[in-house]
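Chemist: Curious how this folds, go ahead:
(one chain, ligands or ions: 2)
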Amino acid sequence: MGLLEELTADTVSIPESILKLSTEEMKNRVWEIKKTLGKRLFIPAHHYQKDEVIQFADAVGDSLQLAQISSRNQEADYIVFCGVHFMAETADILTGNHQQVILPDMRAGCSMADMADIHQTESAWKTLGDLIGDTIIPLTYVNSTAAIKSFVGKNGGATVTSSNAHGMVKWALSEKERILFLPDQHLGRNTAADLGVRLDEMAVWDPIQHKLIYEGEIKDVKVILWKGHCSVHENFTLKNIDDVRGKYPDMNIIVHPECRREVVEKSDYNGSTKFIIETISQAPPGSSWAIGTEMNLVKRLINEHMDKKIISLNPYMCPCLTMNRIDLPHLLWSLENIIDGHPKNIITVDEDVSANAILALDRMLARA
Ligand code: 13P
Ligand code: SF4
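Modeler: Ligands and ions are numbered 1, 2, ... in the order given. Model (predicted):
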């Protein structure tokens, strides 16, 4: 859902009957409804969700894990997705027609996914095709709209997530001379650089100026990066790294590859949400870590690993605002609507969009 749609979305205020409940009463009611609905209800939650939501999750995962879990679940009638809009769309694409995917708050979008719309993508594709012919395969980060996934599927490409980006970029480069990587320039650049693609072999497509930006010769361009970014991960800077190194010289720095290239290059480790969680879990007691990723997850890691010193790489970091839209009152409201027989905020991807999007997702899931 784009920013305009988010602002004008039917945000349906939470009824007074829910808002007047204490946190304890809301929690008890959610447990009660979960018990009543049993296996008819499934609640997947992304690692960036708040603890007040995570406690009710039937599965917690990163984008790839949640896509895989959704594709396996054929049992639940209602999938109440605690994450953002593109994740709920993916779940709808991968689940059966008998299942309803519900997003507890329609304002839970993703600013990165909003940075590539289908019209911009189609016109970029045409311009690039005129410039360099049929030499490009599109790849899209799952953090994109269903329409973009569909475009990518139709044009022989695949989706990627931060935990399989290396394998997918390698695969794509074996299929065609060049990749168009949407919508996160940083994940695209960091992954391609790890695979040995030089920075001067990468160009940036600016969808606002409708222009390809590159140095050197166009024939040498191997990766075309869509000029999009995550507004959360872009907030980690070289100054944050210098500050941490100055204050805690022995501290390990680990960041998500949605961070800028220079931040990834200067940190000790970089990898997906799953990689960050596993690295911290396996680290020896007493070790110290500055983490460059979303704040709800960093806070959870701090609480779960009291035997390690963990801080956020940026001390002024906030959680992802759109992920944070999903809270206990919205979760309860969604569940009450199901119980009342009138589920709301059902995410439905059109059949024709879904048919091509599934090609892109299946190409990824076959290799994941
Ligand atoms: P992953 O879950 O793939 O690590 O992505 C991080 C993210 O920004 C999700 O919105
Ligand atoms: Fe989008 Fe970044 Fe928030 Fe993930 S963390 S939902 S990529 S804005």
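
Chemist: For the closest residue to ligand 1 within the stretch 251-368 of the chain, give me its contacts.
Modeler: For the stretch 251-368 of the chain, the residue closest to ligand 1 is T273, as judged by C-beta to the nearest ligand atom, at 3.3 Å. In short, each C-beta sits where N, CA and C put it, glycine included. If you count contacts by C-beta atoms under 8 Å, 6 or more residues apart in numbering, T273 has them with 47-48, 62-63, 162-163, 256, 293, 297.

Chemist: Give the next helix or strand downstream of the lowest-mean-pLDDT helix or strand in the chain.
Modeler: Least confident helix or strand of the chain, by mean pLDDT, DSSP states H and E, is helix 3-8 with a mean of 50. Using DSSP states H and E, the helix or strand that follows helix 3-8 towards the C-terminus is helix 16-19.

Chemist: can you pull the buried residues of that next one?
Modeler: By neighbour count with 16 or more other C-beta atoms under 10 Å, helix 16-19 contains the buried residues I18.

Chemist: near ligand 1, which residues of the stretch 201-350 of the chain show up?
Modeler: Contact residues, the stretch 201-350 of the chain versus ligand 1 (C-beta under 6 Å from any ligand atom): 230, 258, 272-273.

Chemist: ok, now the stretch 1-150 of the chain?
Modeler: Residues of the stretch 1-150 of the chain found near ligand 1 (C-beta under 6 Å from any ligand atom) are 62-63, 143.

Chemist: Please repeat the previous calculation with a cut-off of 8 Å.
Modeler: Contact residues, the stretch 1-150 of the chain versus ligand 1 (C-beta under 8 Å from any ligand atom): 46-48, 61-66, 83-84, 87, 110, 112, 141-143.

Chemist: quick one: D206 and ligand 1, what's the gap?
Modeler: Using C-beta to the nearest ligand atom, to the nearest Å, one obtains 22 Å as the distance from D206 to ligand 1.

Chemist: Next: K149.
Modeler: Using C-beta to the nearest ligand atom, K149 is found at 15 Å from ligand 1.

Chemist: ok but that residue is inside a helix, no?
Modeler: Yes - assessed with DSSP: H, G, I helix; E, B strand; the rest coil, K149 lies in a helix.

Chemist: Neighbours of it, how many?
Modeler: 32 (other C-beta atoms under 10 Å).

Chemist: please begin residue numbering at 727 from this point
Modeler: In the new count, where the first residue is 727, that last one comes out as K875.

Chemist: excluding its backbone neighbours, what's nearest it?
Modeler: A1083 (3.8 Å; C-beta to C-beta, 6 or more residues apart in numbering).

Chemist: who's in contact with that neighbour?
Modeler: Shown in contact with A1083 (C-beta under 8 Å, 6+ apart): 819, 872, 875-876, 878-879, 1075.

Chemist: which residues of this protein score low on pLDDT?
Modeler: Across the chain, residues meeting the criterion (pLDDT under 70) sit at 727-738.

Chemist: Show me what from it comes close to ligand 2.
Modeler: With the criterion set to C-beta under 8 Å from any ligand atom, the chain comes near ligand 2 through 772, 774, 809-810, 812, 835-839, 869, 910, 956-959, 984, 1020, 1046-1049.

Chemist: And stretch 958-973, what's buried?
Modeler: Going by neighbour count (16+ other C-beta under 10 Å), the buried part of stretch 958-973 is 958-959, 961-963, 966-967, 970.
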